[in-house]
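>>> below: sequence and its predicted model.
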Amino acid sequence: MAAALAVAWSLGWAPALAQERLPEGPANVVNLMASAYQEVAQDRLVLQMSVTREGSDAAQVQTQIRQALDEALKLARPHERAPDMEVRTGDFSLNPRYAKDGRIATWVGSAQLVLEGRDFELIARTAGRLTSLTMAGSHFTLSRQARQALEADVQRAAIERFRARADDIARSFGFTTYTLREVSVSSTDSGGGMPRPVMMAAAKSFEAGDAAIPVEAGRTTVQVTVSGSIQLQ
């Protein structure tokens, strides 16, 4: 955990003008800010597998892609168990490739199969069995449950730091207490959803068998900032 503090002191007076006096603001107002953060390992892996086919007939290309996906699904579905690993189809595309004379030369189609969950070993091992597909990409995230629990912990810490600093500021200026005028709470995170490469060439087909693909999770940092103003009394 780490904390940051910013303090601004308002004396609540304005210099007298020649003909008129500016309205006075509240006296003894302090603006301050406190932050807390915590870093945790990302607990969810998203692995995209893809199949690409090219041919002169669009329908035939679609059929080839569907066959490759069906084969992969037959291998992956028996190992599916949420939330450890979920299996779903991803993006699909079919686009023409033109010759120099502007006519359609071939059709290029691609589709994705997505393995997602918290059991990294199961996902990697299952992906290694899908020999009809190649790896398109992967990234790690923090699950919603873990993020909510982490934000709640960090928020409590940030609020405690804000209150402790407000007490310390009041005593340092010779006051005994304070009232809270306004406050805001905001949170940010870094690392969540950032892509991290799996240690294998993306364009290379996986070896047959049950060999798992090496994977390594990243980390997410959640920071909560509490800012506001107090009036010393």
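Done, it's in.

>>> can you give the domain ranges for the chain?
Split into domains by automatic domain parsing, the chain comes to 5-40+145-189+224-232, 44-141.

>>> in TSV: those, plus mean neighbour count, mean pLDDT and distance to A217.
No exception for glycine: its C-beta is placed from N, CA and C like everyone else's. Below are these laid out as TSV (neighbours: other C-beta atoms under 10 Å; pLDDT from 0 to 100; distance: least, C-beta to C-beta, whole Å):
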stretch	mean neighbour count	mean pLDDT	distance to A217
domain 5-40+145-189+224-232	15	85	10
domain 44-141	17	95	5
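
>>> is A68 in contact with T134, as I believe?
No. Here A68 does not reach T134: they are 10.3 Å apart, not a contact under C-beta atoms under 8 Å.

>>> do you know which of the domains of the chain lies nearest G218?
Closest of the domains of the chain to G218 is domain 44-141, at 5.1 Å (criterion: C-beta to C-beta).

>>> gap between the two ends of the closest one?
5 Å (C-alpha to C-alpha, to the nearest Å).

>>> show me what the helix or strand harbouring R88 is packed up against.
Per DSSP states H and E: R88 is located in strand 86-98. For strand 86-98, the packing partners by 3 or more C-beta pairs under 8 Å, 6 or more residues apart in numbering; DSSP states H and E come out as helix 58-76, strand 104-117.

>>> tell me which of the ones you listed sits nearest to S50.
S50 lies closest to strand 104-117 among the helices and strands packed on strand 86-98, at 5.0 Å (C-beta to C-beta).

>>> quick one, that closest one and helix 58-76 angle?
Put simply, strand 104-117 runs at 20 degrees to helix 58-76, going by axes from the mean of the first three to the mean of the last three C-alpha atoms, to 10 degrees.

>>> tell me which strands strand 104-117 pairs with, and in which orientation.
Strand 104-117 pairs in its sheet with strand 44-55 (antiparallel), strand 86-98 (antiparallel), by DSSP bridges.

>>> between strand 44-55 and the longest helix seen in the chain, find me the angle.
Criterion DSSP state H: the longest helix present in the chain is helix 144-172. With the same axes, to 10 degrees defining the directions, helix 144-172 sits at 140 degrees from strand 44-55.

>>> for helix 144-172, packing partners?
The criterion is 3+ C-beta pairs under 8 Å, 6+ apart, and the helices and strands that helix 144-172 contacts are strand 5-10, strand 29-41, strand 178-190, strand 219-232.

>>> what's the angle from the longest one to helix 144-172?
Between strand 219-232 and helix 144-172, the angle comes out at 30 degrees (the same axes, to 10 degrees).

>>> returning to what we had before: could I get the helices and strands packed on helix 144-172 as JSON lines with distance to R97?
Rendered in JSON lines, the data for these read as follows (distance: least, C-beta to C-beta, whole Å):
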{"stretch": "strand 5-10", "distance to R97": "57"}
{"stretch": "strand 29-41", "distance to R97": "43"}
{"stretch": "strand 178-190", "distance to R97": "40"}
{"stretch": "strand 219-232", "distance to R97": "40"}
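
>>> do you know which of those lies nearest V114?
Closest of the helices and strands packed on helix 144-172 to V114 is strand 219-232, at 20.5 Å (criterion: C-beta to C-beta).

>>> then that closest one to PDB, C-alphas only?
As requested, the backbone C-alpha atoms of strand 219-232 are provided in PDB (Å, rounded to 0.1, in the frame of the first residue of the first chain):
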ATOM      1  CA  ARG A 219      -0.400  -8.300 -12.600                       C
ATOM      2  CA  THR A 220      -3.000  -5.700 -12.100                       C
ATOM      3  CA  THR A 221      -2.600  -2.600  -9.800                       C
ATOM      4  CA  VAL A 222      -5.800  -1.100  -8.400                       C
ATOM      5  CA  GLN A 223      -5.600   2.400  -7.000                       C
ATOM      6  CA  VAL A 224      -8.300   4.300  -5.100                       C
ATOM      7  CA  THR A 225      -8.100   8.100  -4.500                       C
ATOM      8  CA  VAL A 226     -10.200  10.000  -2.000                       C
ATOM      9  CA  SER A 227     -10.200  13.800  -2.400                       C
ATOM     10  CA  GLY A 228     -12.200  16.400  -0.700                       C
ATOM     11  CA  SER A 229     -12.300  19.400   1.600                       C
ATOM     12  CA  ILE A 230     -12.700  19.800   5.400                       C
ATOM     13  CA  GLN A 231     -13.400  22.800   7.600                       C
ATOM     14  CA  LEU A 232     -11.300  23.000  10.700                       C
END
